[in-house]
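Q: Provide a 3D model corresponding to the input given below.
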Amino acid sequence: MRRSDREITDISAIEAFIREEKIMRVAFYDSGDIYIVPVNYGFQRTGSGYALYFHGAEAGRKYELAKTSPKVGFEIDGRFRLLESETACGFSAEFQSVVGTGRLLLIEDTDEKKAAMDCIMGHQTGRTEWSYTDGMLGKTALFCITVEKMSCKAK
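A: Reported below is the predicted structural model:
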């Protein structure tokens with residue numbers, strides 16, 4: 001990170017920010033192109049690391065790239081506030097962001113799919129008691145990013 005004075009290293013502060021936000025952008029590499037998609041997500045600490053879960057259709061570009069290009073980037077941002085000025089170059093902003101890379105896995109096991117959906121729904125709604133039919137889970141792709149690198153900064 002170029003501006004180490006803006007880096008946040010307090011794990012509790014980073015986790016609180018990730019839990020507060022609701023949208024994550026996932027970046028895939030697609031044969032020379034970059035494909036970025038915003039998704040709702042769920043966040044979980046896993047031993048010494050982190051897992052980020054999201055869902056989608058079992059078809060389409062995101063699904064195919066998950067199978068062929070599992071190395072992804074991700075970004076979460078928020079707490080934005082415009083800092084106004086009398087001059088154009090004087091404008092700035094307050095913000096916080098988390099940027100990282102990881103390995104994307106497709107979740108196939110029904111019990112693991114339910115757990116991933118519970119994580120997503122818990123993060124998005126605050127409610128953790130959900131039921132899912134086999135039909136719902138059968139049509140839904142569930143993805144897990146195992147975080148390899150992550151940094152957080154704020155201004």
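Q: which sections of the chain are below the confidence cut-off?
A: Residues of the chain that meet the criterion pLDDT under 70 lie in 1-3, 5-6.
Q: top helix in it by residue count?
A: Across the chain, the longest stretch assigned as helix under DSSP state H is helix 110-125.
Q: and Ala51, what does it touch?
A: Ala51 is in contact with 43-44, 119, 144-147, counting by Cβ atoms under 8 Å, 6 or more residues apart in numbering. Quick note: C-beta positions are derived from backbone N, CA and C, even for glycine.
Q: does the residue nearest to it when sequence neighbours are not counted sit in a helix, a strand or a coil?
A: Counting by Cβ to Cβ, 6 or more residues apart in numbering, Ala51 lies nearest to Gln44, which is 4.8 Å off, once chain neighbours are set aside. Under DSSP: H, G, I helix; E, B strand; the rest coil, the three-state class of Gln44 is strand.
Q: Was I right to think Gln44 contacts Tyr53?
A: Yes - with contact defined as Cβ atoms under 8 Å, Gln44 and Tyr53 form a contacting pair (7.2 Å).
Q: Count the residues that sit near Lys153.
A: 17 (other Cβ atoms under 10 Å).
Q: Can you name the helix or strand that it falls in?
A: For Lys153, the element it lies in under DSSP states H and E is strand 140-154.
Q: Strand partners (parallel or antiparallel) of that strand?
A: Strand 140-154 sits in its sheet next to strand 7-8 (antiparallel), strand 49-57 (antiparallel), strand 92-107 (antiparallel), going by DSSP bridges.
Q: where does the last one sit relative to the chain's centre, distance-wise?
A: Going by Cα atoms, centre = their mean, to the nearest Å, the spacing between the C-alpha centre of strand 92-107 and its chain's C-alpha centre is 6 Å.
Q: and the closest residue to Met24 other than its chain neighbours, how far is that from Thr9?
A: Take Met24 and drop its neighbours on the chain: the residue closest to it by Cβ to Cβ, 6+ apart is Tyr41, 4.4 Å away. Distance, Tyr41 to Thr9, by Cβ to Cβ, to the nearest Å: 22 Å.
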